[in-house]
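[1] Structure, please.
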Amino acid sequence: MRKACVLTNGCPENQLDSGRVKTYLEGNGWQIADNVMDADLILFNACALTQSLELNSIHLIHDIKKQIKDDQRLIVWGCLPKIDPETLFHTHQELSFGEREVGKLDEVIKATTSINEVTANEICRPVSRMDARHRLRKLDRLPIKLLYLLYLRLTAGNYLYRRDDPSIFYIKIASGCLGNCSYCAVKKSRGNIKSKPIDEVMDEFKAGLSRGFKEFSLLGTDLGPYGRDLGYDYDLADLLTKMVSENGDFKIGLRNIHPLFLKQMINQLVPAFATGKIWVTGVPVESGSDRILRLMKRGYSIADVKEGIRRLKEAHPDLCIQTQIMVNFPTETAKDFAESVSLFDELDFDYAEIYAFSPRPGTTAADMAGRVPGRVAYFRELRMVTRALSHATSDRLFRETALGEENIHAA
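    Numbering: from 1, shown residues only. The predicted structure is shown next:
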């Protein structure tokens, strides 16, 4: 039997895309190998969201090539081939393509079942390059990494994508977005919003319910514009209304809803959230500074964010809110950064992805003047991660961890 190894180092959407490829290969008679050395075909879904993640992808490709033999084939696909094909070409000259071109695999493996006929509801665990040389090169960022790992551990109960938890049923409802953010190159890979028809989503959801799943995670690059590419006959609020009206003891988690679409749909979304069946949603704020948000071309104000989150919390007081915060965007001043810290404190997010600006090929922000100096940039990122960690060690989160209430008083 032919063997394939499927790898990814990307976001939850990438992980579900890779899970789909695994299902597809198995359906076409392939055995999934855990080790690249045991595989005839290696498929690496490579991330390039940030400069750091792109570098990690390139290092992983180097590592794979050092291990495999001439009769083994490596295919690199996903965001990296579309975001930075020139850098990829220096490392990998064989077949590569983007996520939207994954149909090319049908010809590669001579498929009897096309990948277009396959869906998947399990994610593929991401891999990371952790050899000694890589760790030594990254010692300058070790404090941030260690703090962030501790933060992830403390917030595990509120984090939507618990990678080792098979009890979550994942549904990809869309890919791509309608935004044109000045710093983001993902649109070069994902393109404009492409929504899965509402009936197909509901079929998957009902299948998960019939199999006894209690927790569902809806994934997509941005769930906010869901349905807008299909004639505006329905939107995210319509989908959620249908889902929460189903009988059963279940809860639903949502990937990112762009604050602009949250603002536009808040009146329609509130009734679905008020049922209590939606337990967590992502609202990627990115910055607490209106000036920086305008430079990012995000299309909303901080007042919009506060109002949207206030309305959701009023509808469901126990709702978990996740966000993304970028530090060190070009021209970010001490005042801009302080506004991000202040917003983080005020809204008391249950989980936040903290990341630093990095120039991405083809984006307008990559050519902006006013880069934050290296030492200042480092300490801003460190301070924001530390801030997130201080929130995670609040009494509420301590009670939700194995530390126990008795240790709160001891601390």
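[2] by contact count, what packs against the lengthiest helix in the chain?
    As assigned by DSSP state H, the longest helix anywhere in the chain is helix 374-392. When contacts are defined as 3 or more CB pairs under 8 Å, 6 or more residues apart in numbering; DSSP states H and E, helix 374-392 packs onto helix 142-154, strand 320-327, helix 334-347, strand 351-356. (Each C-beta comes from the backbone N, C-alpha and C, glycine too.)
[3] List the contacts of the closest residue to residue 344 other than its chain neighbours.
    In space, residue 344 comes closest to residue 387 once its chain neighbours are excluded; the distance is 6.0 Å by CB to CB, 6 or more residues apart in numbering. Contacts here follow CB atoms under 8 Å, 6 or more residues apart in numbering; on that basis residue 387 touches 341, 344-345.
[4] now the residue lying closest to residue 177 once chain neighbours are set aside: how far from residue 206?
    Counting by CB to CB, 6+ apart, residue 177 lies nearest to residue 222, which is 4.1 Å off, once chain neighbours are set aside. Relative to residue 206, residue 222 is positioned 25 Å away (CB to CB, to the nearest Å).
[5] And the two? Which one has more around it.
    Each of residue 222 and residue 206 has its neighbours counted (other CB atoms under 10 Å); residue 222 has more, 24 against 13.
[6] Is the more buried one in contact with residue 254, as I believe?
    No. At 10.8 Å, residue 222 does not count as touching residue 254 under the criterion of CB atoms under 8 Å.
[7] just for the stretch 1-150 of the chain, where's the confidence low?
    Applying pLDDT under 70 to the stretch 1-150 of the chain flags the ranges 128-140.
[8] If we use 50, what do you get?
    Scanning the stretch 1-150 of the chain for pLDDT under 50 picks out 130-137.
[9] what about stretch 275-286, how long is it end to end?
    The first and last residues of stretch 275-286 sit 28 Å apart, counting by CA to CA, to the nearest Å.
[10] That should have said stretch 193-200, apologies.
    This stretch, stretch 193-200, spans 17 Å end to end (CA to CA).
[11] what does that stretch contact?
    By CB under 8 Å, 6+ apart, stretch 193-200 touches 100, 172-178, 221-222, 225-230, 234, 238-239, 242.
[12] Next step: the residues you listed restricted to strands.
    Among those, DSSP state E puts 172, 174-175 in strands.
[13] Most neighbours among those residues, which one?
    Going by other CB under 10 Å, residue 174 tops the ones in strands among the contacts of stretch 193-200 with 28 neighbours.
[14] before we move on, back to that, tell me who's in contact with the residue nearest to residue 177.
    The contact partners of residue 222, taken as CB under 8 Å, 6+ apart, are 174, 176-179, 193, 256-258, 261.
[15] and the gap between the nearest residue to residue 339 once chain neighbours are set aside and residue 302?
    Of all residues not flanking residue 339 in the chain, residue 288 sits nearest, at 4.0 Å (CB to CB, 6+ apart). From residue 288 over to residue 302 the distance is 6 Å, taken as CB to CB.
[16] which residues are common contacts for those two?
    By CB under 8 Å, 6+ apart, the residues touching both residue 288 and residue 302 are 339, 343.
[17] Buried residues of the helix or strand harbouring residue 267, list them for me.
    Per DSSP states H and E, residue 267 falls inside helix 259-274. Within helix 259-274, the residues that count as buried by 16 or more other CB atoms under 10 Å are 259-266, 269, 272-273.
[18] For it, name the packing helices and strands.
    If contacts are counted by 3+ CB pairs under 8 Å, 6+ apart, helix 259-274 sits against helix 236-244, helix 302-315.
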